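Visitor: sequence? don't have it. structure:
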């Protein structure tokens, strides 16, 4: 069975770099751990680094966080999640909502976490239209509305610009005028990392949600590493299930191999070779064909690969990729 390994010290490095930069600018950092299904080992590393909160898109992935009293935020909420989220025994500290029907359903709940109103600021998702925001706030004045939020680089790969930042700032103004309270102003997406790292994020944004930049050190929208981050926190070991001699290259013997990972767990575009010696030839759902020198095989008859964000997520979802992470008591 293929397996994925975490190097805790490298992940902690990435967390610490982003945490320090945000702290110096007075920005609250939320680490998005949905790609690893909020695995307990990753959650504990975030907690050890004193990250303000951890965010996931699924209530099912937040069970460990709530049991350990690690502050958790829910990025995507369904009507069926209301009983779980609104149970006072849970530790969901905040939910992000743009569905007016869901807001209406929450009005009768006994315990409701803080709510961030997600607006549409150009990414193409179904956020609250800015022109509807004042009415939505007025209609839901009895709920614990905390502020406004926007996301970039998730749906359309569109980068934030002056106009989209202005939409978020205007939404904050509407919130404060409508409620008479200071708004928490949140922005999400690894595409924000360059703005954060060079101190160019608009001053009105008080918190950011970052996942890919911290977990993998890479920005897949821009197609480049994130400055100061390391890209080798995760390594995937794929077993060789079939090997045949291939034409030598540079005088070195070569093998044509079949690896026991396919596109369901590890799409090719998310597999990162740590050596150009490896050449991929194609994939099925279950297998990957690759050519490599005989020296690339490990003693356990595996091939080591670095992974991008999409493959990291695929490995954690796939039941036939083992997760070799630090044990959590």
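Guide: On my side now, so go ahead. None of the values given here were measured: they were computed from a predicted structure. Numbers count the residues shown, from 1 in each chain.

Visitor: the residue nearest to residue 69 when sequence neighbours are not counted: neighbour count?
Guide: Leaving aside its sequence neighbours, residue 69 sits nearest to residue 91 (C-beta to C-beta, 6 or more residues apart in numbering; 5.5 Å). Placement of C-beta: from N, CA and C, glycine included. The burial count assigned to residue 91 is 16, neighbours taken as other C-beta atoms under 10 Å.

Visitor: from residue 25, how far out is the residue nearest the centre of the chain?
Guide: Nearest to the mean C-alpha position of the chain, counting by C-alpha atoms, centre = their mean, stands residue 211 at 3.4 Å. To residue 25, residue 211 is 19 Å away according to C-beta to C-beta, to the nearest Å.

Visitor: how about residue 42?
Guide: According to C-beta to C-beta, residue 42 stands 24 Å off from residue 25.

Visitor: how about residue 11?
Guide: For residue 11 relative to residue 25 (C-beta to C-beta), the value is 22 Å.

Visitor: more crowded one of the two?
Guide: Between residue 11 and residue 25, counted using other C-beta under 10 Å, the more crowded position is residue 11 (23 against 13).

Visitor: let me know whether that one touches residue 48 as I believe.
Guide: No - under the contact definition of C-beta atoms under 8 Å, residue 11 does not touch residue 48, with a separation of 10.6 Å.

Visitor: could you list the low-pLDDT ranges of the stretch 51-200 of the chain?
Guide: Low-confidence segments of the stretch 51-200 of the chain, defined by pLDDT under 70, are located at 63-64, 66, 88-90, 122-126, 153-157.

Visitor: for it, which segments count as strands?
Guide: Counting by DSSP state E, counting those that start in this stretch, the stretch 51-200 of the chain has these strands, from start to end: 53-56, 72-74, 92-97, 114-118, 145-151, 184-188.

Visitor: can I get the ones you listed in CSV including mean neighbour count and distance to residue 326?
Guide: Putting the strands of the stretch 51-200 of the chain into CSV (neighbours: other C-beta atoms under 10 Å; distance: least, C-beta to C-beta, whole Å) gives the following:
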stretch, mean neighbour count, distance to residue 326
strand 53-56, 23, 17
strand 72-74, 25, 20
strand 92-97, 22, 25
strand 114-118, 22, 31
strand 145-151, 26, 31
strand 184-188, 24, 27
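
Visitor: so which of the ones you listed comes closest to residue 317?
Guide: Between residue 317 and those, the shortest separation by C-beta to C-beta is 13.1 Å, and it involves strand 53-56.

Visitor: what lines up beside that closest one in the sheet?
Guide: Based on DSSP bridges, the strands next to strand 53-56 in the sheet, each with its direction, are strand 28-32 (parallel), strand 72-74 (parallel).

Visitor: ok now the last one, how far from the chain's centre?
Guide: Relative to the centre of its chain, strand 72-74 is centred 13 Å away, using C-alpha atoms, centre = their mean, to the nearest Å.

Visitor: what sits up against that strand?
Guide: Contacts of strand 72-74 from elsewhere in the structure, counted by C-beta atoms under 8 Å, 6 or more residues apart in numbering, are 30, 38, 53-57, 59, 62, 65-66, 81, 85, 91-96, 113.

Visitor: element containing residue 209, please.
Guide: Assigning secondary structure by DSSP states H and E places residue 209 in strand 207-210.

Visitor: tell me the helices and strands packed up against that strand.
Guide: Secondary-structure packing of strand 207-210 (3 or more C-beta pairs under 8 Å, 6 or more residues apart in numbering; DSSP states H and E): strand 28-32, strand 184-188, helix 193-197.

Visitor: all set, thanks.
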